Each structure stands twice: as C-alpha cells, then as structure tokens.
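only the shape, not the letters, is given here:
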Ligand code: EPZ
C-alpha cells in the first residue's frame, strides 16, 4: 500500500493553485446525465472520487471523453440502464446523486444503498423524504434503493436536517418535475450554489440557491452546456492551515475569498497574517500560534471538512483550545494518531479539548479518512523528524496532486511503497 513519507520542520513558502471543488464536481457530473445533449465540464479535479463517478455513468451507458485531465465531455444520449451497482457506491457515497439525476430524467432509479462512513452513520432519510414528496415511491431491498414515479410533481418540502447531499439530490430530481418545488431549510454551501448554476445553464429554473429556501420550477427538458467547477474551498483551507502550522508564507491562488471567510477568521484569531486578493489569499503563519475555540456548522459557519486541519494546528498553539464537531458523530478518529506524535488532545463526546504542545515528533501513523488524512500530513509537515502515513488512498480521493503541490511549496514529502524508497528519501533529505 502506498504511503507518504514526510520530513517536517520546513516552513511552506510559495504559491499553490487550487483545483476544482470535489463536492461540487461530483453533483455536477451527476447533473450532466440529465440531458441527451453533450455536456462539457471544465476545472474538474483529477481525483479518485470523480474518476469513480465517471466510471459509474459509463457503466450505465454514458460516453465520457477526457479532453484534458481536468476537462471531460459527457454524452448521455446512450444511457441504457438506471441501475447503478454496488461497486461504485461502495467506493464513493456520492454515487447517490445518480438517484436524483436518473429519477429526474427517467422517473426511475436504482442505486446501491450507501454504507456508513469513517466519520459517522450518515443516513439518507432526508434524500428519501424529498423524493417521496415529489411523488416517487422509494423501496430499499437487498441493499438497493429503488425509486420510481409515474411523474414527479413539485411540492413544498421542509428538510428536517440541513443536508448538502439531500438538498442537491432533491434539487436534481425537482429540476425536471411538473410544477414548482420549494425546498426549505436547504444547505447553503458554495457547492450547492454551483450545482444550481450548472443546472440553470442547462435550462433549469432554480432560484435561491445559497439561501435556506430554494425555489425550483420544473422544466420539460434540459439542454447541453459547458460549465467550469468552482475552486475547492476545503482544499484551499487545507493549504491555508498548512501554512499556519509550519510558520510558512503561502499564496493560495484560484480561490473565491468569500467562500473562505470562516476559515480566514479563525486563522486571524490564532495569529496569522492574511492578505486577501480578488482570487487569492496569502497566509503568513506566526512564530507562536494562539489557541482559540471553534464549532463546526453548516455554511457559512466553520466547515466540518476543516475540523481535523484546525485541530492539528491548534495542537501546536499556546494554551487550551476547544473544537466542537456539530455535524458528524465520529470525526475525531485522527486524535489517537496525533497523540502518537505528541499531541495532547482529550475527546469528550463531540468535543476535543486541545492543550497546545511545543512540537510534534514524527511517527508512523495512518489516515482514518480523507480530511483527517490531509490534517495528519499537516502534522507531519510541522513535526520534528520523519513521519510515515499509511492509507493515503483516502487522501487521494479528494486532493489533486497533493504531494506535488506541497513539494512546490518546499515541503519534503514523497509517495512511497517500499522500505527501500523510504531509505532513499531519508538519505536524500538527510
Ligand atoms: C457532504 O456530505 C460532503 N460530501 C461532506 O464532505 C461534508 O462533510 C458534508 O456534506 C457536510 O458539509 C460531499 O459533498 C460528497 P450532509 P453529505 O448530508 O451530503 C445528517 C468530504 O470530506 N443527514 O450535509 O453526506 C448527516 O448524518 C466529505 O469531502 C441526515 O441525518 O453531508 C450529518 O450529520 C466528508 N439525513 C448532517 O446531516 C440525511 O438524509 C450533514 O450531512 C442526510 C444527512
């Protein structure tokens, strides 16, 4: 299995280009199958989750042409099945966006029921509630979600939970329903807005995305489009905190600063200098990080996908910090790994009490999930000595060219798969 080996203690300095947003791109790929016309998607991050979803739509008959590693042309006129089998959803939960897309286009969809995940149970009751409200039947048998409708009829739907996935999935189906749908208590994440904008560029009629009330007027059909995915706010935040934790000076380019406001606010609180430009943000880490408190919340609050990254950084601050995870019930699994590097963190329920330490010491650790894996790389970059991180396949799901981008910032990091390669790296960096 591939690993990262990192020699820490080097401040990250330089510039990094942020890729397209994985969590917008997944839904945008699903939306692309809702028309028989050609759809071109640009600024697509070349990450495992996107490539698996592209394979999933090819599996039901869509044609995918890679113009470049970040631009695909999708032709869904040849889709011959509405059944997406387990192998895809096992790899990525977001295959469930094909439920909303196929139900919207064909009034029928069958997708394997997503399992749990490393960060929590992650039910899909709100997705099902939305589909039923649009007039679809939903049955779960033999691990498959089967949904169908004679026709989808718009409705007034109140989401019991603010859910990114459910908001997007119901928006997909409602785009081609008869009549109007009002979605209340909707998620407001930038990627929800991006999917709505892409659907509107295909002829959909969606208003209010980015607020908690989204109004969708169903249309007869959707046409082709050429669409570019927004920059990834979480990838950007990850590099911003890497700069903070390594006392670095990094210009994070190709971002939308507005999407980063909660992240920037916390970086200022812990003592970083921030310079904001139209499509870039510079982060300068202080010699001594300050402690703070943070609670993860739906957008525009501090993102849960940034929780491991801020916690790892706060582990090196002076004083005591409190990190409260209000979205997922099991998102502190990385704390045990971090403790092996000398961190002092006590988890009580959905709260981590972090007592800052002077430094982390490199160790052999493993990535428990995507964002925690990226956060543990940050710990390795800040640590004294060598860190070897196992299970980096999690990280490759959502970070494009992660080690290349870090190396360009001066980091000593390599992807290895043998002890011999590890030895070579140790000799090379000394
Ligand atoms: C999306 O997951 C993201 N994934 C997650 O990012 C992100 O952490 C999450 O939104 C929150 O921002 C993708 O976009 C592919 P939710 P999603 O539905 O849609 C509960 C990453 O690292 N809930 O907003 O699954 C749920 O249990 C990943 O890129 C229900 O109760 O998240 C959670 O407590 C990790 N019933 C809360 O809502 C439902 O039907 C928010 O989940 C759906 C969700």
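Yep, that arrived. Predicted, not measured: the structure shown is a model, and the values here were computed from it.

what about residue 326, neighbour count?
15 (other C-beta atoms under 10 Å). C-beta coordinates here come from the backbone N, C-alpha and C atoms, glycine included.

tell me the pLDDT at it?
pLDDT recorded at residue 326 is 97.

what does residue 87 give?
86.

who does the lowest-mean-pLDDT helix or strand in the chain touch, helix- and strand-wise?
Here the helix or strand of the chain ranked lowest by mean pLDDT, DSSP states H and E is helix 86-91, holding a mean of 83. Helix 86-91 sits against helix 48-59, strand 108-112, with contacts defined as 3 or more C-beta pairs under 8 Å, 6 or more residues apart in numbering; DSSP states H and E.

ok, then the element right after it?
helix 97-106 (DSSP states H and E).

tell me if that following helix is near the ligand.
No: using C-beta under 6 Å from any ligand atom, helix 97-106 stays clear of the ligand, with a minimum separation of 8.2 Å.

phi, psi for residue 393 please.
Per-residue torsions, residue 393: phi -60, psi -30 (degrees, to the nearest 10).

give me the neighbour count for it.
Based on other C-beta under 10 Å, the number of other residues close to residue 393 is 13.

could you list the low-pLDDT ranges of the stretch 1-150 of the chain?
Within the stretch 1-150 of the chain, the stretches with pLDDT under 70 are 115-117.

spell out which parts of it neighbour the ligand.
Residues of the stretch 1-150 of the chain lying near the ligand (C-beta under 6 Å from any ligand atom): 23, 26, 94, 120, 122, 123, 124, 125, 126, 127.

now do the strands in the stretch 201-350 of the chain.
205-207, 213-217, 225-228, 249-253, 273-276, 280-284, 293-295, 320-324, 344-348 (DSSP state E, counting those that start in this stretch).

relative to residue 5, which of the ones you listed is closest?
With C-beta to C-beta, the closest approach to residue 5 among the strands of the stretch 201-350 of the chain belongs to strand 249-253: 21.6 Å.

which other residues reach the closest one?
11-18, 236, 239-240, 242-243, 279-285, 409 (C-beta atoms under 8 Å, 6 or more residues apart in numbering).

ok and that strand relative to strand 280-284, angle-wise?
Our comparison of strand 249-253 with strand 280-284, counting by axes from the mean of the first three to the mean of the last three C-alpha atoms, to 10 degrees, yields an angle of 170 degrees.

ok, strand 249-253: who's next to it in the sheet?
strand 13-17 (parallel), strand 280-284 (antiparallel) (DSSP bridges).

centre of the chain versus the last one, how much separation?
It stands for strand 280-284. Centre-to-centre, strand 280-284 and its host chain are 21 Å apart (C-alpha atoms, centre = their mean, to the nearest Å).

list the buried residues of it.
280, 281, 282, 283, 284 (16 or more other C-beta atoms under 10 Å).

and that strand, what's its mean pLDDT?
Mean predicted confidence for strand 280-284 is 98.

if we can go back for a sec, let's have the strands of the stretch 201-350 of the chain in CSV, adding distance to residue 312.
Shown next, in CSV, are these (distance: least, C-beta to C-beta, whole Å):
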stretch, distance to residue 312
strand 205-207, 37
strand 213-217, 35
strand 225-228, 32
strand 249-253, 16
strand 273-276, 19
strand 280-284, 15
strand 293-295, 13
strand 320-324, 10
strand 344-348, 9
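
how about the residues of the stretch 201-350 of the chain by the ligand?
Close to the ligand, as judged by C-beta under 6 Å from any ligand atom, the stretch 201-350 of the chain has residues 304, 305, 327, 328.

what ranges do the strands span in the stretch 51-200 of the chain?
63-68, 71-75, 83-84, 108-112, 137-141, 144-148, 156-158, 180-184.

closest one to residue 398 among those strands?
Short answer: strand 71-75, nearest of those by C-beta to C-beta, at 17.7 Å.

give the pairing partners of that closest one; include direction for each.
Per DSSP bridges, strand 71-75 is paired in its sheet with strand 38-42 (antiparallel), strand 63-68 (antiparallel).

please state the offset of that strand from the chain centre?
On C-alpha atoms, centre = their mean, the centre of strand 71-75 falls 21 Å from the chain's centre.

just want the residue of this protein that's nearest the ligand.
residue 165 (2.7 Å; C-beta to the nearest ligand atom).

for residue 256, see how far away that residue is.
Distance, residue 165 to residue 256, using C-beta to C-beta, to the nearest Å: 22 Å.

so what's the nearest residue to residue 73 once chain neighbours are set aside up against?
In space, and not counting its chain neighbours, residue 73 is closest to residue 65: 4.3 Å by C-beta to C-beta, 6 or more residues apart in numbering. Applying C-beta under 8 Å, 6+ apart to residue 65 gives the contacts 72, 73, 74, 75.
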